[in-house]
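fold the stuff below for me.
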Amino acid sequence: MVKLFMGLSGSGKTKEMIRTINEAAQQERGSVVCIEKGNKLTYDIHYKVRLIDYREYALEGAESLKAFICGLHAGNFDISHIFLKSIHKLIGSDDMAKLTEFCDWCETFGAKNQVSFTMTATEDPQQAPEALKKYF
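Purely as a prediction, here's the structure:
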């Protein structure tokens, strides 16, 4: 499953993401991981959530992020949910086609490995292509 919180700045994406992360930490039996660029969520999310600052690994682009996620899963098959804050920053592009491609990859990877993905994107949802709207 892939869930995308998309909205303009100030629309409440981060607040909703924090609520969802904390619910997952309490309810899911597997490990919960949150990847962000920086460490803004440190004091907002449950202590059981593995918070990863993407910058510490000098990764760039969607392909690097995919490889990183595969590596996380290879090291811990118990991961049940991966949260990605500010996905455009993580994949290094504002291109909606690249975001759609990444979401499609997450859907395929998640179905194969029983991992859910939730992410945020600062973008006008009205401008999203139809292929991306299925993740809202």
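
which residue packs closest to the most centrally placed residue in the chain, ignoring adjacent ones?
Centroid-nearest residue in the chain, with C-alpha atoms, centre = their mean: residue 84, separated by 2.1 Å. Distances taken as C-beta to C-beta, 6 or more residues apart in numbering place residue 119 nearest to residue 84, at 3.9 Å, with adjacent residues excluded. In short, each C-beta sits where N, CA and C put it, glycine included.

ok, now which ones touch the one you found?
Contacts for residue 119 (C-beta atoms under 8 Å, 6 or more residues apart in numbering) come out as 2, 3, 4, 5, 83, 84, 85, 87, 103, 106.

near the closest residue to residue 122 other than its chain neighbours, how many other residues are there?
Distances taken as C-beta to C-beta, 6+ apart place residue 9 nearest to residue 122, at 5.7 Å, with adjacent residues excluded. Using other C-beta atoms under 10 Å, residue 9 has 7 neighbouring residues.

and if you look at residue 136?
Residue 136, neighbours per other C-beta under 10 Å, totals 11.
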